[in-house]
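K.L.:
Give me a model of this one.
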Amino acid sequence: MKNFPSIIKKFDAYPKTDEEFRIKTFSGAIVSIISGAIMLILFINEMVFYLTPEVKQELYVDLSKGGKMEINLNITFPEIPCDYLHVDVLDSSGERQLDVNQNLDFQPIQQTYYGYEKVEPEKDDRCLSCYGAKEGCCNTCDSVKAAYFQRGWLFDPKKISQCQKKNEIPANSPDVNYGCEISGKLIVNKVHGNFHVGLGKSFQSGNQHYHDFTFESLHRINLSHIVHTLSFGNPYPGIINPLDGTYSIQTFDGSMMFQNFITVVPTIYQPTSGDRILTNQYSVYDYSREIYKDSNNGLPGVFFFFDFSPIVVHLQEQNKSFFHFLTQLCAIIGGVFTVSSLIDSAIYRWSLFKKKRSTNSDLPIKNK
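P.N.:
Numbering: from 1, shown residues only. Model prediction:
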């Protein structure tokens, strides 16, 4: 048993040398420093990869029926004042949400040298008549109309002074370059439909949808717009909304109809911890056309037509294996150490070879 340690030593795959026989070189130090830096970078990269959950994707048929959907939007019209823009929601179930401006924030903006700045609306100190429909002030056409409807009276806008210039689109002049930023949320049915930003007050007659404006003023407006945000539901990590940050420029000296055809894909996102997120992704393609007075080819405005995919996307986060992480670390350390050892050995042998040749060239040559 006394020879047992000696027998075991024969299996040592890592023989050692005495410290006094070890040679340390400048090139070896450089290789060691570079190798250590590479190991550190690869370690950090592997750590980030390990801590980032992997997302598995599954597809299946959507068997759900009905329900509601939330649309989040933020759109800027740099060249049109807020008073002349109206938002409506229509869907195939027959529901009509006309002039939903009260549910959204219409923020006046003004173009400056540095971009666009918000403009505080001017205070209206007037107190215009409600024409006997109610006591108090009715400073807008809409307030007079609401008061008449509440009374059950017949409303004739031609006899109301507040309604006379309601739908007249002003000329854009360099001195008054006001625009409008529309932001907020819309609640719609989960059926085929559209929401749009149109010009003039909207109304419904039978199955037809109309906007009240004069075509003579269309050459004065510019429907160019910026979609800062458009999403259908709550966000989740890594979601991409194709329309976010997009610009649409009016290239026609008149008016145009901007159309966006959107396919909404129901999505379920399940994080590693916490509640699942029921939301939607979407794809889109756009189309625009010019609007002429004597043609029946559409309304000027920005339209978003949405339909739903029959497929549900289920995204589930999964943590990566810790043992796989350890294996990768061992591979990084072992691989870098082996390659650096080979490089150091090659440099050292090359330096010995050069030194030997230099020594031989300095020896005197004997003449016979």
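K.L.:
List the buried residues of the helix or strand where residue 182 lies.
P.N.:
In this structure, residue 182 sits in strand 178-189 according to DSSP states H and E. Of the residues in strand 178-189, 178, 179, 180, 181, 182, 184, 186, 188, 189 count as buried by neighbour count, 16 or more other CB atoms under 10 Å. Placement of C-beta: from N, CA and C, glycine included.
K.L.:
ok, now stretch 250-264?
P.N.:
250, 255, 256, 257, 258, 259, 260, 262, 264.
K.L.:
hang on, the earlier thing: C-terminal to the strand holding residue 182, what's the next element?
P.N.:
Following strand 178-189 toward the C-terminus (DSSP H and E): strand 193-199.
K.L.:
From the contact counts, what lies against that next one?
P.N.:
strand 68-77, strand 85-91, strand 178-189, strand 301-308 (3 or more CB pairs under 8 Å, 6 or more residues apart in numbering; DSSP states H and E).
K.L.:
Identify the residues contacting the closest residue to residue 328 other than its chain neighbours.
P.N.:
Distances taken as CB to CB, 6 or more residues apart in numbering place residue 46 nearest to residue 328, at 5.2 Å, with adjacent residues excluded. By CB atoms under 8 Å, 6 or more residues apart in numbering, the contact set of residue 46 is 325, 328, 329, 332.
K.L.:
Could you identify the most distant pair in the residues you listed?
P.N.:
325 and 332 (10.7 Å; CB to CB).
K.L.:
Can you pick out the residue with more neighbours from the two?
P.N.:
residue 332 (18 against 15; other CB atoms under 10 Å).
K.L.:
confidence score at that one?
P.N.:
With respect to pLDDT, residue 332 scores 88.
K.L.:
swap in residue 364?
P.N.:
58.
K.L.:
And the average pLDDT for the strand holding residue 182 is what?
P.N.:
On average, strand 178-189 scores 91.
K.L.:
Report all helices and strands that that strand contacts.
P.N.:
Strand 178-189 packs on strand 68-77, strand 85-91, strand 104-112, strand 115-118, strand 193-199, going by 3+ CB pairs under 8 Å, 6+ apart.
K.L.:
Just give the strands next to the longest one in its sheet, each with its orientation.
P.N.:
This means strand 68-77. Strand 68-77 has the following strand partners under DSSP bridges: strand 178-189 (antiparallel), strand 225-232 (antiparallel).
K.L.:
The next helix or strand after the last one: which residues count as buried?
P.N.:
Right, the one you point to is strand 225-232. Once the chain leaves strand 225-232, the next helix or strand it forms, by DSSP H and E, is strand 246-248. Going by neighbour count (16+ other CB under 10 Å), the buried part of strand 246-248 is residue 248.
K.L.:
Other residues contacting strand 246-248?
P.N.:
So strand 246-248 is contacted by 223, 224, 225, 226, 227, 258, 286, 288, 302 (CB under 8 Å, 6+ apart).
K.L.:
what is the mean pLDDT for it?
P.N.:
93.
K.L.:
ok now that strand, how far from the chain's centre?
P.N.:
13 Å (CA atoms, centre = their mean, to the nearest Å).
K.L.:
Could you do stretch 36-49 as well?
P.N.:
On CA atoms, centre = their mean, the centre of stretch 36-49 falls 30 Å from that of its chain.
K.L.:
quick check: mean pLDDT across it?
P.N.:
90.
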